[in-house]
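K.L.:
Give me a model of this one.
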Amino acid sequence: MRLVLASQSPSRRMLLEQGGVTPVLRPAHIDEDTVIASLHDAPPTTTVSTLARAKAEVVVPEYPDDVVVGCDSMLLLDGELLGKPHTVEATIERWKAQRGKQAQLLTGHAVWFGGEWVVDTISTTIRFGDASDADIEAYAASGQPLECAGAFTLEALGSWFIDSIDGDPTSVIGLSMPLLRRCLYRFGLDASDFWA
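P.N.:
Sure, this is the predicted structure:
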């Protein structure tokens, strides 16, 4: 039995590998905008957990005897749910809007095993530093935050600009290891079953 990660995120892979797991990487490509549009005015936690499950559902048929994990993260800032900025310009705009503020990073998890699902969302409070314009522009130009929910990472260059967090740091990186452990326990499995 293997742990299959329905993601191409290097951060999620890193968390699992640091936790002793060599995951099977099977990125799932879904039309996130279509999924979000189909949810109408769903609560933000429902949006991220639905996206996580949609990713995992793509992968489950290929790995019927394994544990499949899908995740999705978005930032809730001033009542608006924000995904990846994708461009340098959008990243700069985001950072100018969020610097000095507090927001919630929501990470949805969908874990499948043996025909059963466990779906949950973790919320972590992020306090953004009051970064200078020059630092925001340099950070955006580095490319690191372009494909990250909320236009930041907790690790690497982003570590300069996050003043504090309240909650699970692994969920901010992209996959809550404590939540994954609890999901495995629900299936009668142990985290150590997957250690290399």
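K.L.:
Most remote residue from the middle of this structure, which is it?
P.N.:
Ranked by distance from the centre of the chain (C-alpha atoms, centre = their mean), the top residue is Ala134, with 27.3 Å.
K.L.:
in what helix or strand does that one lie?
P.N.:
Counting by DSSP states H and E, the element that carries Ala134 is helix 133-142.
K.L.:
Now do the buried residues in that helix.
P.N.:
Buried residues in helix 133-142, counting neighbours by 16 or more other C-beta atoms under 10 Å, are found at 136-137, 139-140. Glycine gets a C-beta too; all of them are placed from N, C-alpha and C.
K.L.:
hmm, who's touching that helix?
P.N.:
Helix 133-142 has contacts (C-beta atoms under 8 Å, 6 or more residues apart in numbering) with 88-89, 91-92, 95-96, 99, 131, 145-146, 151, 157-158, 160-161.
K.L.:
Which one (most neighbours) among those?
P.N.:
Neighbour counts for the contacts of helix 133-142 (other C-beta atoms under 10 Å) peak at Ala151, which has 28 neighbours.
K.L.:
residues contacting that one?
P.N.:
75, 82, 84-85, 90-91, 94-95, 98, 140, 145.
K.L.:
hmm, 7 Å instead?
P.N.:
85, 91, 94-95, 145 (C-beta atoms under 7 Å, 6 or more residues apart in numbering).
K.L.:
taking those one by one, which sit in helices?
P.N.:
Judged by DSSP state H, helices contain the following of these: 91, 94-95.
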